[in-house]
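Asker: just coords:
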């Protein structure tokens, strides 16, 4: 009796080709097609020559793909304004420095909280958990005051420093660090390794899936961040891609329609590519990301 | 009058301090830190604690400056009038009174944000879970996961631009074009300018982008439910997939469900980018005005920091209370 039941379940869990499953696949694939629609349209639009952009009735797919929109975006917009390459540079620089710092700082903190547990760690962790529960917009006013009094408005620092210590990143790192066996560290200590050495040579390499995940999440958050550059920068040369894109898209000028299409593609692809590369590691980390309350 | 007890304590403390300095110098003599600690007896100076604090310091310092202290400062400022040019003036509850009694635009923002959050939050949450649950039973999990997750990591600003090709207000807009061809409308609808359609457009884009971190967390959690549990449950008489979902999967996934819930609450109440990108700021008749937009308007356009802080406090309270509620709801004390 039990054997039969167990077999039944195993069969149920295993993939089977039946009409029911066929319908599930068809349904899911049509959902995928639906969610992918805007992204496909975006890619297609980025390569459309000017006449296809304004054809009536509107066409979904590009017929004669061209790179002219990209060259217009990168070279032709230069004459009047800040070169678009500058915005790309700003975004790449601030996002990558922030990501690097947040990975190191969170990993160090998580390592300490899990393996040293200095007095007060529980309170610190409770506060960090609490900070998961409100949106970062809440603290923007005092943060602005701090940034302002440090005199770093309109600098790259303003777009980096306030975003290094993120509760969410710390939380993920801490959950993953808990899986790290103590034996590993003890062995290194017996061999006479210093704590700093242990952190860099043993802890960091073992946490690779966790920091791969942080790289993805932190890069996505910073690359797409609209609010901080909006309030921390006033000069056009310090703006990042989201603001630049909004500026050129706002003009609604026919001449720019192609460039806007190219810009949306440039703005969107990096996050998707980075996630695709790191997907396996991200899934490995997310297993540990539940909150036990 | 002095207290003898406290004096002795002080002396002890001083002695202890002295001892610890000496002990620090002698540390090399002891074979291991453990022995040193035992020798020091009640003196709790652990070398490992000092190292622990050093490792924690960078995060804790930055976190305090940019998150913890700002929360308290926001609360403090919300009771003041403050323009950044002059020092803050204490005004008590005036800001909150104005917000709730006289500021019609705040009430519109509150209403818009509430409607937005109450629709897109649960919708995105349930869709994320259902999608993860189904995908977990399919082949090509990673491919499906990527397809569903990708919209959430695209830039809200960029995707609003793309969605505006669909919702463009003239005949060139794909949706207008479709509706005109089907004969459902006679004139193109100006989706992002007409009061009635702005919010629905913002919601559609947001729901499309809502299968984010929550979705990934659910999927990862589902992959890790041990199969033996389902087998055991079948023996105990659980028959359908839905019974399995209700009696086994959901209780086991409480930590993941909580994480997803908090994410979705914070995300949906913080709606800003997409709304601004679709309808501008201020939007026509404030139809897409949200709490964050109101905060932004007063803080960084009018520089009324005190009043804007009151808006921030409202936002904080709403998400924090809902966060606590979800913690109660998904409490996993009874699960091990």
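Answerer: Nice, thanks for sending it over. Remember, it's a predicted structure, so these values are computed and weren't measured experimentally.

Asker: CA atoms for contacts and neighbours, from now on please.
Answerer: Will do.

Asker: In the stretch 1-150 of chain A, what residue lies closest to chain B?
Answerer: For the stretch 1-150 of chain A, the residue closest to chain B is residue A:109, as judged by CA to the nearest CA, at 4.1 Å.

Asker: Isn't residue B:168 up against residue B:191?
Answerer: Yes - under the criterion of CA atoms under 8 Å, residue B:168 makes contact with residue B:191 at 6.8 Å.

Asker: neighbour-wise, which of the two wins?
Answerer: A count of neighbours by other CA atoms under 10 Å in any protein chain shown puts residue B:191 above the other of residue B:168 and residue B:191, at 24 against 21.

Asker: Just confirm that one contacts residue B:200, I think it does.
Answerer: No - counting by CA under 8 Å, residue B:191 sits too far from residue B:200 to count as a contact (9.1 Å).

Asker: burial count for residue A:41?
Answerer: Residue crowding around residue A:41 was assessed by other CA under 10 Å; the count is 19.

Asker: Leaving out chain neighbours, which residue sits closest to it?
Answerer: What sits nearest to residue A:41 in space, not counting adjacent residues and going by CA to CA, 6 or more residues apart in numbering or on different chains, is residue A:60, at 6.4 Å.

Asker: cool, and residue A:174?
Answerer: Nearest one to residue A:174, counting by CA to CA, 6+ apart, is residue A:110 at 4.6 Å.

Asker: moving C-terminal of the helix or strand encompassing the one you found, what's the next helix or strand?
Answerer: Per DSSP states H and E: residue A:110 is located in helix A:84-111. Sequence order places helix A:121-131 as the next helix or strand after helix A:84-111, per DSSP H and E.

Asker: Now do that next one against helix A:84-111, angle only.
Answerer: Going by axes from the mean of the first three to the mean of the last three CA atoms, to 10 degrees, helix A:121-131 is angled at 140 degrees with respect to helix A:84-111.

Asker: Check which helices and strands helix A:121-131 sits against.
Answerer: In this structure, helix A:121-131 packs against helix A:167-177, with contacts taken as 3 or more CA pairs under 8 Å, 6 or more residues apart in numbering or on different chains; DSSP states H and E.

Asker: average pLDDT across the helix or strand just after the helix it packs on?
Answerer: Heading C-terminal from helix A:167-177, the first helix or strand you meet, by DSSP H and E, is helix A:182-190. Mean pLDDT, computed over helix A:182-190, is 85.

Asker: how about helix A:182-190, does it reach chain B?
Answerer: No - against chain B, helix A:182-190 shows no contacts by CA under 8 Å from any CA of the partner chain, the least distance being 9.7 Å.

Asker: Let me know the helix or strand that residue B:178 is in.
Answerer: Assigning secondary structure by DSSP H and E places residue B:178 in helix B:174-182.

Asker: Residue B:169 too?
Answerer: Going by DSSP H and E, residue B:169 is not in any helix or strand.

Asker: Same question for the one 3 residues further on.
Answerer: Residue B:172 is part of no helix or strand when elements are defined by DSSP H and E.

Asker: ok, the closest residue in space to it that isn't next to it in sequence - contacts?
Answerer: Spatially, and ignoring its direct neighbours in sequence, residue B:172 is nearest to residue A:58 (5.7 Å; CA to CA, 6+ apart). Contact analysis of residue A:58 by CA atoms under 8 Å, 6 or more residues apart in numbering or on different chains lists B:172-174, B:177.

Asker: Just put these in JSON lines and tack on neighbour count, distance to residue B:78 and pLDDT.
Answerer: Formatted as JSON lines, the contacts of residue A:58 follow (neighbours: other CA atoms under 10 Å in any protein chain shown; distance: CA to CA, whole Å; pLDDT from 0 to 100):
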{"residue": "B:172", "neighbour count": "21", "distance to residue B:78": "47", "pLDDT": "79"}
{"residue": "B:173", "neighbour count": "23", "distance to residue B:78": "44", "pLDDT": "83"}
{"residue": "B:174", "neighbour count": "21", "distance to residue B:78": "46", "pLDDT": "85"}
{"residue": "B:177", "neighbour count": "23", "distance to residue B:78": "49", "pLDDT": "87"}
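
Asker: for those, which one is nearest residue A:172?
Answerer: Nearest to residue A:172, judged by CA to CA, of the contacts of residue A:58 is residue B:174 at 41.1 Å.

Asker: Pretty sure that closest one sits against residue B:167.
Answerer: Yes - counting by CA under 8 Å, residue B:174 does reach residue B:167; the two are 6.8 Å apart.

Asker: how about the helix holding residue B:178: buried residues?
Answerer: Neighbour-count burial for helix B:174-182, with 16 or more other CA atoms under 10 Å in any protein chain shown as criterion, is recorded at B:174-180.

Asker: Show me what from the stretch 51-200 of chain A comes close to chain B.
Answerer: Neighbours of chain B within the stretch 51-200 of chain A, by CA under 8 Å from any CA: A:54, A:56-58, A:105-106, A:108-113, A:116-119, A:131-135, A:137-143, A:146, A:161-162, A:164-167, A:195.
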